[in-house]
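Peer 1: one predicted model, sequence on top.
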Amino acid sequence: MRRQPRFRGISLDTYTTLNPRTATACLSNGVNISARAGSIMPNYRLARAAGGWRPSSVILRSSSSRVQHRAAHTKDAPQTTTPAKSLDSILIANRGEIAIRVNRTAAQHGIRTTTLYTTPDAESQHAHCSPFSFNLGPSTGYLDQKKILAVAKQQGCQAIHPGYGFLSENADFARRCAEEGVTFIGPPPSAIEDMGDKARSKEIMNGAGVPCVPGYHGSDQAPETLAAEADKIGYPVLIKAVRGGGGKGMRIVRTAKEFPDMLESAKSEARNSFGNDEVLVEKYITTPRHIEVQVFADKHGNCVALGERDCSIQRRHQKILEESPAPNLDNAIRKDIWEKARAAALAVNYEGAGTVEFIFDNDTGDFYFMEMNTRLQVEHPVTEMVTGLDLVHWQILVAEGNELPLTQQQVEEGMAQRGHAIEARIYAENPDKGFIPDSGKLLHVRLPKETSDVRIDSGFIEGDEVSSHYDPMIAKLIVRGEDRKDALRKMAAALQDYEVAGPVTNIDFLKRVCKSLDFVSGQVETGYIEKHREELFPHTTPTSEVLAEAALASFLQSSQPSLGSVLTSLQSPSPSWLSTSADFQPRTFQFQSADFEAGPGRVPEIYSVELQQVIPGQFLVRTDQSQERPFQVSSSLDPETHTMTTYFPHTRHTSRIVFGSSESGILHLFTPQGSFRLVAPPPAWLSKALGVVEKPNSLFSPMPAKILRVLVKPGDAVQKDQPLIVIESMKMETVIRSPAEGSVVKRIVHNEGEVVRSGVELVEFEEGETDGSPP
């Protein structure tokens with residue numbers, strides 16, 4: 001392996017800028033700078049950290065340390081006739097946390113990186129994490145193969161790391177990279193094609209002795225053929241996009257009657273997501289677990305299994321909690337799954353990181369091949385925590401032509417010492433509304449403290465915007481414990497410390513899952529959330545203490561300037577607070593849930609709090625819950641840290657209070673009882689003054705979305721639960737169904753292709769009863 005020269009200089013061409021602080025860091029490290037005169041091209045930018053610019057460690061690090069580090073991994077490996085080729089520059093063709101994650105490993109090993117961003121992502125963290133970043137233009141830019149390859153060539157990048165999603169499993173892109181002389185950090189195109197075609201992959205797996213689920217994987221895609229095959233298999237069946245992944249293009253069908261609509265929906269979602277609407281039909285296992293194996297293979301025929309992950313806790317067929325090792329799994333079955341995963345990878349001459357996914361039948365203990373993801377998975381940190389390995393570094397080593405650093409035996413010996421790991425995905429979504437995605441500015445972010453056992457992979461910081469153009473994942477929280485009980489304890493503590501204000505998140509929902517008795521005991525399956533709906537979706541009412549804190553925060557935030565003068569006046573013989581100042585008069589505050597959805601016959605629950613300041617910082621409080629008897633509290637609010645400390649008669653509460661924008665009026669409370677989003681109810685006269693008219697016979701959009709398909713027309717009489725309109729948000733389809741039997745459509749408000757805001761009217765019915773919102 002050749003020794004790489006230390007960077008001794010940086011030459012800036014016409015289209016590059018260098019920040020003064022970076023320049024200073026370069027000079028202090030003995031790196032010369034030369035530049036040509038010329039204009040600044042806005043597509044390029046230098047690395048910027050939160051709060052200001054920082055010099056990039058990537059372009060200053062000596063690559064000799066990287067060479068020594070790699071040599072340590074490969075010195076005992078058998079020598080091959082083809083020497084390994086070191087990669088010194090990588091283009092990261094992705095966004096968000098995975099782009100930052102790849103950049104971090106590259107920087108640690110002296111590899112220069114270039115990142116990409118689109119116009120909606122122009123201010124994102126990943127756009128500033130590397131020395132250079134290039135604007136791809138519109139939101140679809142991460143799929144622009146031609147432009148991405150052009151940037152790689154222009155920047156002199158030897159390799160492209162595709163991350164996950166987008167082009168990571170695109171065989172054509174991998175092939176084009178090879179044709180352009182750019183190393184694709186991933187498997188060969190043939191392996192991507194074999195495993196990306198669900199029907200073809202089943203044939204290969206059967207030949208390799210890997211068990212497969214009974215189903216139809218044929219090329220005849222006529223709806224009547226697929227329906228007939230579903231009848232042969234027997235309901236329930238699963239329709240799955242042949243080139244699918246991430247839950248897209250997948251539908252569970254329980255009766256023959258609903259098969260046509262489900263088929264069209266799955267095909268449409270597959271076309272929009274993958275450009276291919278072919279599907280397969282398989283037997284749906286009623287109590288399945290999702291168990292997957294992380295495999296790694298090199299160019300020399302070596303392949304290892306880095307343990308398994310249980311990803312059974314899902315919503316919308318997408319994972320939200322992953323853990324390793326899988327709980328309550330017989331060790332003999334565990335080892336068998338590993339071997340079958342290795343056989344699957346070797347059957348397609350795999351190289352690099354891949355994940356072989358299996359359906360495990362809880363009732364019989366059998367497992368079946370489901371698919372192989374030919375890329376690094378979102379949940380790869382779980383495996384990193386239980387193996388102590390850097391999988392991105394392994395990807396680079398394999399792409400360079402090195403042999404795998406460890407044997408299967410060495411991997412297993414290491415895992416025996418690493419305990420248990422769990423990952424929770426933090427999403428901007430509303431679990432109480434069917435997990436519909438949310439977006440908006442992150443007004444407040446408070447993270448758990450990171451340690452060797454607590455890790456956070458995030459693509460956002462406070463002040464960033466969660467865009468509606470992309471997946472709504474904000475971050476991944478990963479913990480490791482000596483065993484599963486220890487890991488669960490650490491996860492619960494970390495979630496308790498995790499606060500996000502702005503978009504609605506799933507943090508409180510994750511807390512409930514982690515405390516759910518069956519989850520704690522490891523009794524998991526992919527239908528867990530639905531089966532435990534009553535436990536996981538309780539109707540929560542703010543306690544008397546929480547309502548008191550909301551009123552106190554509103555009071556303290558509005559009166560802080562005058563409070564300062566009041567405290568000063570305490571030194572005078574006649575304190576001003578003895579006067580009739582408004583700060584010491586009784587006041588009434590009213591609140592309702594910020595997530596209440598207006599609709600015909602729906603009335604929000606209003607919470608009233610009476611409050612009077614008796615002396616500065618001390619109050620008498622009466623809430624609906626406390627009945628007639630007021631209680632005395634003392635409270636203070638630190639506007640810099642959003643921290644409010646309140647002493648109740650028998651307890652002390654320390655909470656974080658975040659005030660939303662004046663437009664939203666939302667009060668975010670992070671309390672010992674949980675988090676709450678409250679608003680002041682609008683006065684009755686306001687709706688009349690604004691001319692707001694209630695629409696008792698209409699359906700409204702539950703989220704910002706695009707109208708994909710309109711399935712009915714004016715004059716149609718529809719049945720209860722009949723699909724009316726299909727909308728798309730963040731690449732996921734949602735079907736708007738009829739809420740009542742025998743309703744007659746009066747008007748379709750928006751046409752196919754139009755983009756609508758949340759709460760916008762979609763369908764108007766003739767006079768009659770409706771629910772007013774999508775079921």
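Peer 2: Yep, that arrived.

Peer 1: please enumerate the helices of the stretch 101-250 of the chain.
Peer 2: For the stretch 101-250 of the chain, the helices defined by DSSP state H, counting those that start in this stretch occupy 145-154, 171-179, 189-196, 198-207, 223-233.

Peer 1: which of these sits most buried?
Peer 2: Compared across those, helix 189-196 shows the largest average neighbour count, a mean of 22 (mean count of other Cβ atoms under 10 Å). C-beta: built from backbone N, CA, C; applies to glycine.

Peer 1: pick out the shakiest of the helices of the stretch 101-250 of the chain, pLDDT-wise.
Peer 2: Ranked by mean pLDDT, these end with helix 198-207 at the bottom, a mean of 91.

Peer 1: contacts for that helix?
Peer 2: 193-195, 211-212, 215, 217-219, 240-244, 278, 280, 344, 347-348, 369, 371-372 (Cβ atoms under 8 Å, 6 or more residues apart in numbering).

Peer 1: can we see that at 10 Å?
Peer 2: Helix 198-207 has contacts (Cβ atoms under 10 Å, 6 or more residues apart in numbering) with 193-195, 197, 210-213, 215-219, 240-245, 278-280, 282, 340, 343-344, 347-348, 356, 368-372.

Peer 1: residue 304 contacts residue 408, correct?
Peer 2: Yes. Assessed by Cβ atoms under 10 Å, residue 304 is found in contact with residue 408 at 4.8 Å.

Peer 1: between those two, which is the more surrounded one?
Peer 2: residue 304 (24 against 16; other Cβ atoms under 10 Å).

Peer 1: who's in contact with that one?
Peer 2: Counting by Cβ under 10 Å, 6+ apart, residue 304 makes contact with 294-298, 338, 341-342, 345, 394, 404-412.

Peer 1: ranges for the helices of the stretch 401-550 of the chain?
Peer 2: Using DSSP H, counting those that start in this stretch, helices in the stretch 401-550 of the chain cover 408-415, 484-497, 507-515, 517-520, 528-531, 533-536, 544-569.

Peer 1: dump those helices into TSV; add distance to residue 274 and mean pLDDT as well.
Peer 2: As requested, the helices of the stretch 401-550 of the chain are exported to TSV (distance: least, Cβ to Cβ, whole Å; pLDDT from 0 to 100):
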stretch	distance to residue 274	mean pLDDT
helix 408-415	33	97
helix 484-497	33	98
helix 507-515	29	98
helix 517-520	32	98
helix 528-531	26	96
helix 533-536	31	96
helix 544-569	45	74
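
Peer 1: which neighbours do residue 304 and residue 408 share?
Peer 2: Joint contacts of residue 304 and residue 408 (Cβ under 10 Å, 6+ apart) are 338, 342.

Peer 1: from residue 102, how far out is residue 109?
Peer 2: Remark: distance between residue 109 and residue 102 (Cβ to Cβ, to the nearest Å) = 11 Å.

Peer 1: for these two, list the residues in contact with both.
Peer 2: Taking Cβ under 10 Å, 6+ apart as the criterion, residue 109 and residue 102 both touch 392, 396.

Peer 1: neighbour count: these two, which is higher?
Peer 2: residue 102 (28 against 22).

Peer 1: who touches the more buried one in this structure?
Peer 2: Contacts of residue 102 (Cβ under 10 Å, 6+ apart): 90, 92-94, 111, 113, 115, 126, 129-130, 161-163, 185, 376, 392, 395-396.

Peer 1: neighbours of residue 397, just the number please.
Peer 2: Neighbour tally, residue 397, other Cβ under 10 Å: 23.

Peer 1: right, and it touches residue 300 too?
Peer 2: No. Applying Cβ under 10 Å as the test, residue 397 and residue 300 come out as separate, 11.9 Å apart.

Peer 1: name the residues contacting each of the two.
Peer 2: Counting by Cβ under 10 Å, 6+ apart, the residues touching both residue 397 and residue 300 are 403-404.

Peer 1: helices of the stretch 651-775 of the chain, residue ranges please.
Peer 2: 684-690.

Peer 1: residue 131 contacts residue 91, doesn't it?
Peer 2: No. Using Cβ under 10 Å as the test, residue 131 is too far from residue 91 to be in contact (11.9 Å).

Peer 1: neighbour count: these two, which is higher?
Peer 2: Between residue 131 and residue 91, counting by other Cβ under 10 Å, residue 91 is the more crowded of the two (30 against 25).

Peer 1: secondary structure element for the more buried one?
Peer 2: Counting by DSSP states H and E, the element that carries residue 91 is strand 89-92.

Peer 1: pull up the pairing partners for that strand, direction included.
Peer 2: Here strand 89-92 is paired, per DSSP bridges, with strand 112-117 (parallel), strand 159-161 (parallel).

Peer 1: end-to-end on stretch 168-183?
Peer 2: 13 Å (Cα to Cα, to the nearest Å).

Peer 1: among the contacts of residue 102, name the buried ones.
Peer 2: Neighbour counting with 16 or more other Cβ atoms under 10 Å marks 90, 92-94, 111, 113, 115, 126, 129-130, 161-163, 185, 376, 392, 395-396 as buried within the contacts of residue 102.

Peer 1: a markdown table for the helices of the stretch 101-250 of the chain, including distance to residue 647?
Peer 2: Below are the helices of the stretch 101-250 of the chain laid out as a markdown table (distance: least, Cβ to Cβ, whole Å):
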| stretch | distance to residue 647 |
| --- | --- |
| helix 145-154 | 58 |
| helix 171-179 | 61 |
| helix 189-196 | 61 |
| helix 198-207 | 61 |
| helix 223-233 | 64 |
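
Peer 1: residue 257 is nearest to which of these?
Peer 2: helix 223-233 (10.6 Å; Cβ to Cβ).

Peer 1: what's that closest one in contact with?
Peer 2: Helix 223-233 is contacted by residues 213-220, 222, 236-239, 253, 256, 259-260, 262-264, 267, 279-284 when judged by Cβ under 10 Å, 6+ apart.

Peer 1: in PyMOL, how would I select just the buried ones from the residues you listed?
Peer 2: Typed into PyMOL, the next command selects the buried ones out of the contacts of helix 223-233 (criterion: 16+ other Cβ under 10 Å):
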select buried, resi 213+215+216+217+237+238+239+253+259+262+263+264+267+279+280+281+282+283+284
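
Peer 1: for the longest strand along the chain, the distance to its chain's centre please.
Peer 2: Criterion DSSP state E: the longest strand present in the chain is strand 303-315. How far strand 303-315 lies from its chain's middle: 17 Å, per Cα atoms, centre = their mean, to the nearest Å.

Peer 1: and residue 498, how many neighbours?
Peer 2: Neighbours around residue 498, by other Cβ under 10 Å: 24.

Peer 1: relative to residue 662, how far out is it?
Peer 2: In terms of Cβ to Cβ, residue 498 sits 26 Å off from residue 662.

Peer 1: could you do residue 165 as well?
Peer 2: 36 Å.

Peer 1: neighbour count: those two, which is higher?
Peer 2: residue 165 (21 against 6).
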